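Participant: structure, please.
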Amino acid sequence: MDISEIWPPFALHLRSGDMELSPVREADIPELAEIAYGGVRKDGIEAFLVDWDSGTDEQIARSLAQYHWSTRANFSVDDWTIEFTVRVDGLAVGVQGANGRRYPLTRTISTGSWLALSEQGRGYGTRMRRIIIETFIRHFGATRFDTAYFEGNDASRRVSEKLGYSPNGHRTRVGQNGTALKENHMTLSAHDWKLPDKELQLTGYEAFRNFLTITT
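Facilitator: Below is the predicted model of the structure:
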């Protein structure tokens with residue numbers, strides 16, 4: 001049996017220019033861990049709820065593996081997360097995530113991502129989220145996109161602003177270093193999406209549409 005029949009996102013493959021996104025497979029985890037060893041956060045800013053990107057190389061690899069295993073174990077129509085390995089010219093540069101809860105009813109996608117420190121500042125963060133937005137509007141009928149960033153994470157904020165997100169309140173959460181932080185929320189309506197990706201190419205989306213029971 002093809003694994004994509006059990007876990008439909010494995011059939012998804014997204015491409016725009018020299019950038020490719022495909023669901024994280026077991027074989028990707030060592031490569032992703034290796035690029036994460038060099039760091040993924042500038043100046044030690046807090047960017048995550050879980051402190052997965054610090055510690056020894058072994059601890060980082062274990063944290064990555066456990067997280068990606070959990071997304072598959074807890075995958076359901078009502079609550080799913082797809083983490084995409086992002087490659088540029090075939091080389092892994094980071095991960096772009098998309099989450100949907102009661103998606104056939106809400107048509108809302110939440111996103112999160114990380115890039116290897118050496119790959120930041122090259123526009124990749126904007127491009128990979130743009131691919132997700134375009135994919136889910138064009139092929140899965142998404143109407144809304146939500147994201148969040150901790151106060152001080154200006155790189156994440158700028159990506160959202162470039163793509164047309166608007167502020168949507170805030171709350172206090174405990175970050176990866178165990179400190180209380182202001183988490184700023186942002187949202188984008190599909191009606192306001194004005195940056196169509198004419199280079200976007202998709203394969204394998206039919207299996208995921210069927211899994212989500214999307215007919216229109």
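
Participant: please report phi then psi for the residue nearest in space to the middle of the chain.
Facilitator: With distances taken as CA atoms, centre = their mean, the chain has residue 97 as the residue nearest its mean C-alpha position (1.8 Å). With angles defined as degrees, to the nearest 10, residue 97 sits at phi -110, psi 150.

Participant: check it and give its pLDDT.
Facilitator: According to the prediction, residue 97 has pLDDT 95.

Participant: do the same with residue 175
Facilitator: Residue 175 is given a pLDDT of 68.

Participant: by mean pLDDT, which helix or strand of the chain comes out lowest?
Facilitator: helix 3-6 (a mean of 74; mean pLDDT, DSSP states H and E).

Participant: buried residues, that helix. List them.
Facilitator: Residues of helix 3-6 classed as buried: residue 4 (neighbour count, 16 or more other CB atoms under 10 Å). To be clear about C-beta, it is placed using only N, CA and C from the backbone, and glycine gets the same treatment.

Participant: figure out how far that helix is from the centre of its chain.
Facilitator: 21 Å (CA atoms, centre = their mean, to the nearest Å).

Participant: check stretch 57-72 too.
Facilitator: 16 Å.

Participant: now do it, average pLDDT.
Facilitator: 90.

Participant: can you check stretch 16-25 too?
Facilitator: Rounded mean pLDDT across stretch 16-25 is 96.
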